[in-house]
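1. requesting a structural model of the entry that follows:
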Amino acid sequence: MPNTIISVSGLCKSFGPITALRDVTLSVQEGQTTAIVGDNGSGKSTLIKLLSGNLAPDAGSITVEGREYPRLSIAQALQMGIRTVYQDLSLDDCKNSYENIFLGHEWMRGPFLDRRRMKREAAALLGRLEIAIPDLTEPSVLPGGPRQGLAIARAMLQPGQLLLLDEPTAAMGIRESHQTMQLLRRLRAEGHTLLIVSHDIYQVFDIADRIFVMRAGRCIADIIAADSSPEELHRLILERERGAVE
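-> Numbering: from 1, shown residues only. Down below sits the predicted model:
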């Protein structure tokens, strides 16, 4: 039985009169790729922000490796090895590739930046991840796929046990989306634990071991990908939605 890296129980979150999450319970197993799918406004991104410490839940709890917390701070999440790549990627277009990778974790040599070491280690990291980006390239000139790869490389610079990805192929063309999915497959094959938020059911079936479906802030389905199909999941979603309305 795989070890549970992180789980949530009864999570609720509202923004004024708008309820974003309603009693959400789910878990992520070590070494697996877990996906959360749902339409816009279903609560997917809010859940990611709770797990990464950017928001606090109104109710419920978050359990990391057996220890329960009412909420996580950003510092706690990072200390626990929870790394997050947001949909906007948060890259600094005024810095080059290796400077973005080491942003906030710069190597120093006395009072000066150790640029030679950072360039060397960034090149090694990008090579291991099979991401082809020249070390002096600024993110602003990169297409979507390499930009996503750069953000993932930055997240993986520090030791971690869970990588959260919010809509990793959003607004990408077919080629760039394919490049990003290839990178995620390699991470999965290496045994990394991934939690991917997406609206694309067909895409997540290509990579996920387990899929949670969210609608209107609720988790309405929990399936094992190998035991289902995109078509079966789509039918299940329609049935659950029809039942909720009735």
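
2. now do the same contact list for Leu11.
-> 21, 23-25, 47, 50, 57, 59-62 (C-beta atoms under 8 Å, 6 or more residues apart in numbering). C-beta: built from backbone N, CA, C; applies to glycine.

3. out of the residues you listed, which are buried?
-> 21, 24, 47, 50, 57, 60, 62 (16 or more other C-beta atoms under 10 Å).

4. farthest-apart pair in those residues, please.
-> Leu21 and Ile62 (12.1 Å; C-beta to C-beta).

5. need the overlap of contacts for those two.
-> Common neighbours of Leu21 and Ile62, using C-beta under 8 Å, 6+ apart, are 11, 50.

6. distance to His192, pLDDT and secondary structure added to the contacts of Leu11, as TSV?
-> Output for the contacts of Leu11, formatted as TSV (distance: C-beta to C-beta, whole Å; pLDDT from 0 to 100; DSSP: H, G, I helix; E, B strand; the rest coil):
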residue	distance to His192	pLDDT	secondary structure
Leu21	26	97	strand
Asp23	29	96	strand
Val24	24	97	strand
Thr25	24	96	strand
Leu47	20	95	helix
Leu50	21	96	helix
Pro57	26	96	coil
Ala59	31	97	strand
Gly60	26	97	strand
Ser61	25	96	strand
Ile62	20	97	strand
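
7. mind putting the residues you listed into TSV with distance to Met118?
-> Listed next are the contacts of Leu11 as TSV, based on distance: C-beta to C-beta, whole Å:
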residue	distance to Met118
Leu21	39
Asp23	45
Val24	39
Thr25	42
Leu47	34
Leu50	32
Pro57	37
Ala59	43
Gly60	40
Ser61	39
Ile62	33
